[in-house]
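J.: Would you be able to build a 3D model of this:
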Amino acid sequence: MLEVENLSVAYGKHEALRNVALRVEFGRTVVILGANGAGKTTLLNSIAGIIRARPGARITVDGEGIQDEPAHRIVERGVALVPEGRRLFGEMTVIENLCMGAYAQRARRDEAARLDEMLTVFPRLGERRQQTARTMSGGEQQMLAIARALMSRPRLLLLDEPSLGLSPRLAKELFATLRRLASEGQSILLVEQAAHLSLRLADWVYVLENGRIAKSGAPSAIRDDDSLRRSYLGL
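T.: This is a model prediction of the structure:
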């Protein structure tokens, strides 16, 4: 479904990503682990069209290149990003934020039905439908950010540190929701510091170190790697 090849990104003289390659198959959950500054956010932003890769990069969805497309066109191709920090419209209500997520042409035809679906999947949002986003708790805001992205009917959902700033209880609730979405066939590419939770969700894992893919494998292989256990699992 998604293939990334030879992806390099630089900020001035600093090379944030170098020759990164990865793959996300339809209906699968892929997790990217890495320390702060490894290039994880840059990778997601490059796929989403927010940051431009160096010439020679190839990013494809179902075999069609998107590396030169603007961000809104990439959303129309079925790729939606939940950015780090949520980036909600703080003065808008829950419903207004969700409707903004359906701005893409691919989502407008059945916007009302999709809205009802999101309020069912995230019942807390239904209870707070007229509440302004900035007054909600961190966990509620994260649920709203995910639901807003899902309003565009993405084939691939990109998630950047969704548990950041959440309590352990809320993080577990969040991952239970992600597990439900994955079980229903939603393709997910997840960047996450909570390695224990993300490895339980993953079908495949990439480890990003200093802008390069240092290792990839099944979650069980990552858990059994002593150096990775020390670096990312605290063991």
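
J.: Who does the residue nearest the centre of the chain form a beta bridge with?
T.: In the chain, the centroid-proximal residue (Cα atoms, centre = their mean) is Leu159; its distance is 1.6 Å. With DSSP bridges as the criterion, Leu159 is bridged to Val82, Leu190.

J.: Distance check, it against Leu150.
T.: 11 Å (Cβ to Cβ, to the nearest Å). Every C-beta, even on glycine, is put in place using the N, C-alpha and C of the backbone.

J.: As CSV, could you dump the C-alpha coordinates of the helix ranked longest in the chain?
T.: Identified as the longest helix of the chain according to DSSP state H is helix 168-183. The C-alpha trace of helix 168-183 is given here as CSV (Å, rounded to 0.1, in the frame of the first residue of the first chain):
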residue,chain,number,x,y,z
PRO,A,168,-0.9,5.7,31.9
ARG,A,169,-4.7,5.0,32.2
LEU,A,170,-5.6,7.3,29.3
ALA,A,171,-2.7,5.9,27.2
LYS,A,172,-4.1,2.4,27.7
GLU,A,173,-7.6,3.7,26.7
LEU,A,174,-6.1,5.3,23.6
PHE,A,175,-4.3,2.1,22.6
ALA,A,176,-7.5,0.1,23.1
THR,A,177,-9.2,2.4,20.6
LEU,A,178,-6.3,2.0,18.1
ARG,A,179,-6.5,-1.8,18.5
ARG,A,180,-10.2,-1.6,17.7
LEU,A,181,-9.5,0.5,14.6
ALA,A,182,-6.7,-2.0,13.5
SER,A,183,-9.0,-4.9,14.0
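
J.: Contacts made by that helix with the rest, please.
T.: Helix 168-183 has contacts (Cβ atoms under 8 Å, 6 or more residues apart in numbering) with 29, 121-122, 138-139, 142-143, 146, 150, 157, 159, 162-163, 166, 188, 190, 194, 197-198, 200-201.

J.: Could you chop the protein up by domain?
T.: Using automatic domain parsing, the domain parsing of the chain gives 1-78+157-235, 89-154.

J.: In CSV: these, plus mean pLDDT.
T.: As requested, the domains of the chain are exported to CSV (pLDDT from 0 to 100):
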stretch, mean pLDDT
domain 1-78+157-235, 91
domain 89-154, 89
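
J.: So which residues of this structure form strands?
T.: 2-11, 14-24, 29-33, 58-61, 64-65, 79-82, 156-160, 187-191, 204-209, 212-217 (DSSP state E).

J.: What's the ChimeraX syntax to select whichever of the contacts of helix 168-183 are buried?
T.: Of those, the buried ones can be selected in ChimeraX as follows, counting by 16 or more other Cβ atoms under 10 Å:
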select :29,121,122,139,142,143,146,150,157,159,162,163,166,188,190,194,197,198,201
